[in-house]
Structure formats: structure tokens, C-alpha cells
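Novice: The sequence and its predicted three-dimensional model are supplied below.
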Amino acid sequence: MKLIDNAIDAFRLKDTIFYKESSDLQSKYDALKKLNEEFKTNNEDFLKELSIVKKGLEGEKEISYQLKKSHIGMYVLKDIKVRYEDLYAQIDFIVITSLYTYFIECKNLSGKIIVTEKGDFVKELIANNRKIQKGIYSPLRQVEAQREVIRKIWESKSSPIKKLLASKNFDFYRRVLVVITNKETVLNTSKAPKDIKYKILKADGLVRQIEYDLTTRDKDEYLENKKSMEQIAQFYIDISSKEEINYYDFYKEKYFNNISNDNLKERLINLRKTRASEMNLPAYYIFTNEELEKLVEKRPKTIEELEKSKILTPIKLKVHGENIVKEINKIL
């Protein structure tokens, strides 16, 4: 019997096959990077979005790296989005092995993350030499909710007999994991409930957990072959949303809707900062935000035009008018 098992194992899939490798995060990052090069913006909200997307993408790449170097045999799908009626789920990774399918929530959390005895996630911070604990939304509950959406889709496509026989084991064969991808993050699950401890791990422990699940399985469990694993992967592709978003247009409208491509508004903001710093004045002494909007709209090209526009007070016109007109003419 052992010889038969060894012979079967020799022909079993050992490679990692990325059945879907594209992700929205890459599209978002490419769009944000392009906009940043075009507008050279100091918009804090935009730069924060760029930083978040970049960290998320780095996390995705770390998980991909860990899965690629495994020798387990799996199909991997990245960024699967599904809908069921009014419910929506976006799953970072779906990993299909010969026995279990894993729904993975990828988190690039920083600092110290503690999972409490109730299963809550807490971030520990240091402020004024004191430890402060701040509760954060549970990524484990998040990915469990995503699995429930998949369950509803599966049930809607299954026969009554199949639902009766397989529904009770749905969660057992479709497991959820939260993977922390930041290498410097301290993860403390010592007080977490036993039934969720193994579901929360760092990226370098992901493959080890999957190997453990497979090696400790019931030996009578039926293992899927490569063809069956591919069919399961195709099922998730078939139920996934095919909607594509033009993230360049999306972010441009969100952050730069009122800024022309010549970036005049940003240039004038930079001028205001420079003048205010040089003259040791508050920024609004140079021109206010309301005056800024009018300058961008009217674009006076000469001192005479600026004076006729009545955008600035006489003293502002006299002290700063020449610099403002010069900045506008750089573009025009």
C-alpha cells in the first residue's frame, strides 16, 4: 500500500501554478504613479493613497514569492471579486491544493499586533513613553464574511443532493487565513482562541501551515489530481466579476478634478509656501485658498490683468503680484 501511495505521489502536481496573477492593486499603483509624475502633487490624501496601495502591492508580492517557492502543488488566483445579490466580496488570494482551498486576506500591518482571548485584533502603540492599545477591524472576520458570499454562490449553483451532502463540510475544505506581510511586524497570538490561532500568521509561515494541514490530514481523504484542481480554479474564475475600472481616470477625477494638466494650482501653492517661508508670514498673507482658486480660473498674464481681476488686495498685488504673474506665464 505504501508503494502505491509513493507511486501516486510521484505523479502528483508539485508546482505552483498562478491561474490568475493580475490584481487591481497593480493597476491602482500604476495609475497613481503616472498621476504623481504628471502632477507632482503635494496633496496629502493622494500621497497617503499612493503609500497604502504601494504597501498593499508589496504585501501581495511577498505572498506570491512564498507560494512560488513551495513544492506542495497548487493553483493560485489573485484578487478575485464576486457578487451575490447585494453582497460583494474581494479575496486577495485563493489557493487550491489537492485537498483544501484557502481564502487568504493579505494585510501589511505595522508595529505590534495582538490577538486577544476573544479573537479581537489590537494594535499596540507607544505614545509619550506609554503603551496604548487600539482596536482594529478584524481581518479574520472579514475573510470569513468573504467565504460566506462564496458559499451562497456555491449553494445557488449546487443541486439539493449536493448541498445536503457537502454543505456541512464547506468550511472544513475551504479554509481562511490572515497573512501579515510586513516582516518587521510583531504578531502575538499567545492568548488567541485555539481554533483561530493557526489562521493568523506571518508570510514566512504560510507555506509551513499549508504543509502541516496536508501532512496531518486523514489518510483516507481523497486527493484531487491536477485536472480537478484546475476545474476548481476555473469555477472561481467563472463566478468572478469581469468589471474593469480605469483607475487612471478614477483617481484623476477624485484628486485632480479641479486641476488642469499644466499643474498651475500646485505651482501656485508651492510659490505661496516659498514666499511665506522667505518673508516669515502665514501662507494666507500671500493669498488665501479662495484667491488661489480665482487665480487658477482667471489666469491673469500681466500685472494689469491681475489688477483688473480684483482678486488680490492692493498690498498683496504690490508685494506678490509680479511673482504670481511670472509663475502663470511659465506655463502659458
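Specialist: Yes, it's here.

Novice: make it CA atoms for all contacts and neighbour counts henceforth
Specialist: Fine.

Novice: how much space between residue 81 and residue 288?
Specialist: Here the criterion is C-alpha to C-alpha, to the nearest Å. By it, residue 81 lies 44 Å from residue 288.

Novice: So for these two, which sits in the more crowded spot?
Specialist: residue 81 (18 against 13; other C-alpha atoms under 10 Å).

Novice: buried stuff in the helix or strand where the more buried one lies?
Specialist: Per DSSP states H and E: residue 81 is located in strand 74-84. Buried residues in strand 74-84, defined by neighbour count with 16 or more other C-alpha atoms under 10 Å: 74-83.

Novice: which outside residues touch the helix or strand just after that strand?
Specialist: Using DSSP H and E, the next helix or strand after strand 74-84 towards the C-terminus is strand 87-96. The contact list for strand 87-96 (C-alpha atoms under 8 Å, 6 or more residues apart in numbering) reads 60, 74-83, 101-106, 143, 145-146, 149, 229, 232-233.

Novice: and if you look at stretch 320-332?
Specialist: With contacts defined as C-alpha under 8 Å, 6+ apart, stretch 320-332 is touched by 262, 264, 267-268, 271, 286, 299-303, 306.

Novice: again, but for stretch 162-179
Specialist: Stretch 162-179 is contacted from outside by 99-107, 139-140, 143-144, 147, 151, 155, 199-203, 206, using C-alpha under 8 Å, 6+ apart.

Novice: how about that stretch as CSV, C-alpha atoms only?
Specialist: Taking C-alpha atoms only, stretch 162-179 is exported to CSV below (Å, rounded to 0.1, in the frame of the first residue of the first chain):
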residue,chain,number,x,y,z
LYS,A,162,-25.0,18.1,-3.3
LYS,A,163,-26.0,20.8,-0.8
LEU,A,164,-27.3,18.2,1.6
LEU,A,165,-24.1,16.0,1.4
ALA,A,166,-21.4,18.7,1.1
SER,A,167,-22.7,21.8,2.8
LYS,A,168,-21.8,20.8,6.4
ASN,A,169,-18.1,20.3,5.3
PHE,A,170,-18.0,23.5,3.3
ASP,A,171,-15.9,25.4,5.8
PHE,A,172,-13.6,22.5,6.6
TYR,A,173,-12.4,22.2,3.0
ARG,A,174,-12.4,25.9,2.3
ARG,A,175,-10.2,27.4,5.0
VAL,A,176,-9.5,31.1,5.8
LEU,A,177,-6.1,32.6,6.6
VAL,A,178,-5.0,36.1,7.6
VAL,A,179,-1.4,36.7,6.4
